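[1] Return a 3D structure for these sequence lines:
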Amino acid sequence: MIEAQGEAQTTQAQASTTGRTVIGRVTSNKMNQTIVVSVERKVKHPLYGKYMTRYSKMYAHDADNACQVGDVVLIKQSRPISKTKHWVLVEVLEAAEREKN
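    Numbers count the residues shown, from 1 in each chain. Sure thing, here's the model as predicted:
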């Protein structure tokens, strides 16, 4: 019985660690419990060989409304939360500098 509980906890821990994680910058936090994260990737041009920068815009769930525009965040893929929201905020890696008035 105790061994079965230990195995169940292990499988839950493994299930929570599966899924794609990406690092990006918050571009908008105007929605309630939702942030827009811009993820940058480098792609090599098929003909000329030059590396180009491509951006993906991802909607992530921010339950505490903790993020501000400019923060660097780690987000993880999850089940669909809404029509466009399929990512969850894991942690804020670097807070953006705030202007002091």
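
[2] quick one, helices of this structure?
    Assigned by DSSP state H, the helices in the chain fall at 2-17.

[3] Report pLDDT for the residue sitting nearest the centre point of the chain.
    Geometric centre of the chain, nearest residue: Ile75, 1.7 Å, by C-alpha atoms, centre = their mean. Per-residue pLDDT puts Ile75 at 97.

[4] Tell me who's in contact with it.
    Thr21, Val22, Ile23, Gly24, Val37, Met58, Ala60, Trp87, Val88, Leu89, Val90 (C-beta atoms under 8 Å, 6 or more residues apart in numbering). Heads up, the C-betas are built off the backbone N, CA and C, glycines and all.

[5] from those residues, which would you call buried?
    When the contacts of Ile75 are checked for burial by 16 or more other C-beta atoms under 10 Å, the buried set is Val22, Gly24, Val37, Met58, Ala60, Trp87, Val88, Leu89.

[6] of all these, which two lie farthest apart?
    Gly24 and Val88 (13.1 Å; C-beta to C-beta).

[7] of all the contacts of Ile75, which comes closest to Ala66?
    Out of the contacts of Ile75, the member with the shortest distance to Ala66 (by C-beta to C-beta) is Leu89, at 7.5 Å.

[8] Leaving out sequence neighbours, find the closest residue to that closest one.
    Asp62 (4.7 Å; C-beta to C-beta, 6 or more residues apart in numbering).

[9] so the one you found touches Val37, yeah?
    No. Judged on C-beta atoms under 8 Å, Asp62 makes no contact with Val37 at a distance of 9.6 Å.

[10] Can you lay out the contacts of Ile75 as JSON lines showing distance to His45?
    Shown next, in JSON lines, are these (distance: C-beta to C-beta, whole Å):
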{"residue": "Thr21", "distance to His45": "27"}
{"residue": "Val22", "distance to His45": "22"}
{"residue": "Ile23", "distance to His45": "24"}
{"residue": "Gly24", "distance to His45": "23"}
{"residue": "Val37", "distance to His45": "25"}
{"residue": "Met58", "distance to His45": "24"}
{"residue": "Ala60", "distance to His45": "30"}
{"residue": "Trp87", "distance to His45": "28"}
{"residue": "Val88", "distance to His45": "33"}
{"residue": "Leu89", "distance to His45": "33"}
{"residue": "Val90", "distance to His45": "32"}
